[in-house]
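*Asks:* I need the structure of the sequence given here:
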Amino acid sequence: MKYTFSQEWTEKLGEIAEQLGFDHIPLERVACVKSKGTKTKRVIARIHALGKVMQLGMRQKPFYVIELISERFDKQPREQQIKTLIHELLHIPHSFGGGFRHHKPHVNDKTVEAAFKRLKNNQEF
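*Replies:* So this is what the prediction gives:
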């Protein structure tokens, strides 16, 4: 696997979070990376967090990284790429403590579509 930091998608992620009012997410504590060379067949993106024990040991605040799997993410239409980012942002809990929100009931097609509709009403992309 090869990972590269994505300034473009980190900035887009921040714009989306701001426009959706995700004020619980400190934008300086989230980033996007692109990966190449995964063996996974179905995953488009995934979210990683600096876990509690690592936070304590490193004396760091929580941090989330959204990994965009280039082989699949790059092939998506722009609208679907935005929905993928929304999906991953929805996994970040309001506590911003290093944990994750589960798919049921928080992260699913219905919640992603509702957020995307709000976003679309606020801007053109």
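*Asks:* which stretches of the chain form helices?
*Replies:* With DSSP state H, the ranges of helices along the chain come out as 7-19, 52-58, 70-73, 78-90, 103-106, 109-122.
*Asks:* In TSV, list the ones you listed along with distance to residue 38, mean pLDDT and mean neighbour count.
*Replies:* Bear in mind the C-beta positions are built from the backbone N, C-alpha and C, glycine included. Below are the helices of the chain laid out as TSV (distance: least, C-beta to C-beta, whole Å; pLDDT from 0 to 100; neighbours: other C-beta atoms under 10 Å):
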stretch	distance to residue 38	mean pLDDT	mean neighbour count
helix 7-19	17	96	16
helix 52-58	23	91	11
helix 70-73	7	96	17
helix 78-90	15	97	19
helix 103-106	20	83	10
helix 109-122	22	92	14
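*Asks:* burial measure for the nearest residue to residue 94 once chain neighbours are set aside, as a count.
*Replies:* Once flanking residues are discounted, residue 94 sits nearest to residue 24: 4.6 Å by C-beta to C-beta, 6 or more residues apart in numbering. Close neighbours of residue 24, defined as other C-beta atoms under 10 Å, add up to 11.
*Asks:* Now do the same contact list for residue 24.
*Replies:* Residues in contact with residue 24 (C-beta atoms under 8 Å, 6 or more residues apart in numbering) are 92, 93, 94, 95, 96.
*Asks:* do that again at 10 Å, thanks
*Replies:* By C-beta atoms under 10 Å, 6 or more residues apart in numbering, the contact set of residue 24 is 17, 92, 93, 94, 95, 96.
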